[in-house]
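K.L.:
predicted model, plus sequence, below.
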Amino acid sequence: ISGDGISDAAIVAEEIGRHVQPGPFVPMNVVAATLGRHGSDAQRSRWLGPLVAADLVATWAFADQHGGWDGGTGVELVGRSLRGTRGFVQDAIAADVLLVTAARAGVPVQALVPRDADGVQIEPLESLDLSRRFAHVHLDGVAVDDVDVIDGVDLDAQLRTAIALNAADTVGAVDHLLTMTVEYAKDRIAFGRPIGSFQALKHVLADQAMLLE
């Protein structure tokens, strides 16, 4: 453990990508980091312990219905009522709680919303990535107590954390694919010699190794 949480999580994310392991690793880390930095004592007591112990699944609902970054404007928190749609939420179906980015009087806030709360509707989606499941989350007058609202969250920092972990996941997958390809190039024989000995394939493999680095 280095003491730098993002660096340590990136090492784990790379191994997850290398083995194409499914699960909400990225959104759970975004939620945990948010609670650790900005959550109240009551919020950390209720959610953070079970989240770290993997007794609770959390996900991050931040995008608009087209998958874009809207800074919370796609969902409104008026009084104690949450209304709007969050799009392409990873593993929303399996989550126990959603960290929903919203706007209250034009100011970005985030709300911790149990998935089974009244007014929460999950619309499952099909994905080309079989290791991740996505859904649109529709919020129709969901009741939110003040104790479940987080103010002052750095939304850009959340996005940077998610980008870093997703990039590490991708690096792990690409590294494993390149390793498999090099082994195949050594084992596959054509015209009496391994195909990896042919100059054209050497160039391709070298280019891929450089791209990976």
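P.N.:
Structure received.
K.L.:
secondary structure element for R86?
P.N.:
Using DSSP states H and E, the element containing R86 is strand 81-90.
K.L.:
meant to ask about V174, not that
P.N.:
Per DSSP H and E: helix 155-187 holds V174.
K.L.:
let me know the average pLDDT across stretch 91-106.
P.N.:
Averaging pLDDT along stretch 91-106 yields 95.
K.L.:
just how off-centre is it within its chain?
P.N.:
13 Å (Cα atoms, centre = their mean, to the nearest Å).
K.L.:
next, the buried residues of that stretch.
P.N.:
D91, A92, I93, A95, V97, L98, L99, V100, T101, A102, A103, R104 (16 or more other Cβ atoms under 10 Å). Bear in mind the C-beta positions are built from the backbone N, C-alpha and C, glycine included.
K.L.:
per-residue pLDDT, the closest residue to the fourth one other than its chain neighbours?
P.N.:
Meaning A95. Of all residues not flanking A95 in the chain, T59 sits nearest, at 4.2 Å (Cβ to Cβ, 6 or more residues apart in numbering). Reported pLDDT at T59 in the predicted model: 97.
K.L.:
partner residues bridging T59?
P.N.:
Listed beta-bridge partners, T59: L98 (assigned using DSSP bridges).
K.L.:
just checking, it touches T34?
P.N.:
No: between T59 and T34 there is no contact, the gap being 11.9 Å when judged by Cβ atoms under 8 Å.
K.L.:
tally of neighbours for the closest residue to P194 other than its chain neighbours?
P.N.:
Of all residues not flanking P194 in the chain, K186 sits nearest, at 5.3 Å (Cβ to Cβ, 6+ apart). As a burial measure, K186 scores 12 neighbours (other Cβ atoms under 10 Å).
K.L.:
any idea how far L51 lies from G3?
P.N.:
Plainly put, L51 is 20 Å away from G3 if you go by Cβ to Cβ, to the nearest Å.
K.L.:
sorry, wrong one. I was asking about V144.
P.N.:
Using Cβ to Cβ, V144 is found at 35 Å from G3.
K.L.:
ok, the two, which is more surrounded?
P.N.:
Counted by other Cβ under 10 Å, V144 and G3 do not tie: V144 has more neighbours, with 22 against 6.
K.L.:
next one, pLDDT for that one please.
P.N.:
Confidence at V144, expressed as pLDDT, is 96.
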